[in-house]
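> predicted model and sequence follow; I will ask about them next.
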Amino acid sequence: GQTCDYPMNLKIITAFILTTLLTLTVFTCIKIIVTSKNEFHLAEEYLAQNNISTAINHYERALHWYLPFHQTPYQAAERLWAIAQNQQTQNQNAEALKTYRILRGAFYSIRSFYTPGKNWIQRCNDKISHLMATRFVESRKSPKLSFTEKKSHYMKLLEAERPPSTFASIVNEVGFFGWIASVLLFIFKALSPEGTVKKKPAIFFITAFSLFYSIWIWGLFNA
């Protein structure tokens, strides 16, 4: 009887783990979409009140809650760009520089094995290098480098960003799903219906959890 039940139990456990992971993924996606929209609407309200700094903060948060094919982060990027351009038009160059950097940094902060918003990053690089070169030239009576040379120098520095590690990103995903699966398998395989702990399966799944959790943490810091 036990040999017949084992494959069936394995199928049930596997189905439960897959269903749990799918449910967690769906709810996470819903959370990201809803939070991004809420942050965007808050930013719109503050922008209407001419509270620019608070609006920028919420647009940045809306962008951080990024999901592929979700348009709200890109709408937030358009608003940040428009704010920065308006600041630049009004000769508020320090504020404009800060806003361009926020927009650029927001896209870099959400990259994993690929970098979204590359077009936005390139546009910000051009604006940031322009403003930094202008500030450099204006701050010196007789600068050794011309505006064009200094802008080119800053542009090279901005474009020399270290790309994310594809290997570390993949390892991060493997570690994340691994430690979740280890916990679920511990519950179903290391605990008896009476609530007692089965020693060998418990040691195995605790070790697996520790390994996958360590891998996940390593991936977070090195991606």
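Good, I have the coordinates.
> in the host helix or strand of Ala133, what counts as buried?
Using DSSP states H and E, Ala133 falls within helix 118-138. Neighbour-count burial for helix 118-138 flags 120-121, 123-125, 127-133, 136 (criterion: 16 or more other CB atoms under 10 Å). Every residue, glycine included, has its C-beta placed from N, CA and C.
> now the residues you listed as JSON lines including distance to Lys150 and pLDDT?
JSON lines is the format used below for those (distance: CB to CB, whole Å; pLDDT from 0 to 100):
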{"residue": "Trp120", "distance to Lys150": "23", "pLDDT": "96"}
{"residue": "Ile121", "distance to Lys150": "20", "pLDDT": "95"}
{"residue": "Arg123", "distance to Lys150": "19", "pLDDT": "96"}
{"residue": "Cys124", "distance to Lys150": "17", "pLDDT": "96"}
{"residue": "Asn125", "distance to Lys150": "14", "pLDDT": "96"}
{"residue": "Lys127", "distance to Lys150": "15", "pLDDT": "96"}
{"residue": "Ile128", "distance to Lys150": "12", "pLDDT": "96"}
{"residue": "Ser129", "distance to Lys150": "8", "pLDDT": "96"}
{"residue": "His130", "distance to Lys150": "10", "pLDDT": "95"}
{"residue": "Leu131", "distance to Lys150": "11", "pLDDT": "95"}
{"residue": "Met132", "distance to Lys150": "8", "pLDDT": "94"}
{"residue": "Ala133", "distance to Lys150": "4", "pLDDT": "93"}
{"residue": "Phe136", "distance to Lys150": "5", "pLDDT": "87"}
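> any chance of the residues you listed in JSON lines with distance to Ser214 as columns?
As requested, those are exported to JSON lines (distance: CB to CB, whole Å):
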{"residue": "Trp120", "distance to Ser214": "35"}
{"residue": "Ile121", "distance to Ser214": "32"}
{"residue": "Arg123", "distance to Ser214": "39"}
{"residue": "Cys124", "distance to Ser214": "36"}
{"residue": "Asn125", "distance to Ser214": "36"}
{"residue": "Lys127", "distance to Ser214": "41"}
{"residue": "Ile128", "distance to Ser214": "38"}
{"residue": "Ser129", "distance to Ser214": "40"}
{"residue": "His130", "distance to Ser214": "45"}
{"residue": "Leu131", "distance to Ser214": "43"}
{"residue": "Met132", "distance to Ser214": "41"}
{"residue": "Ala133", "distance to Ser214": "45"}
{"residue": "Phe136", "distance to Ser214": "45"}
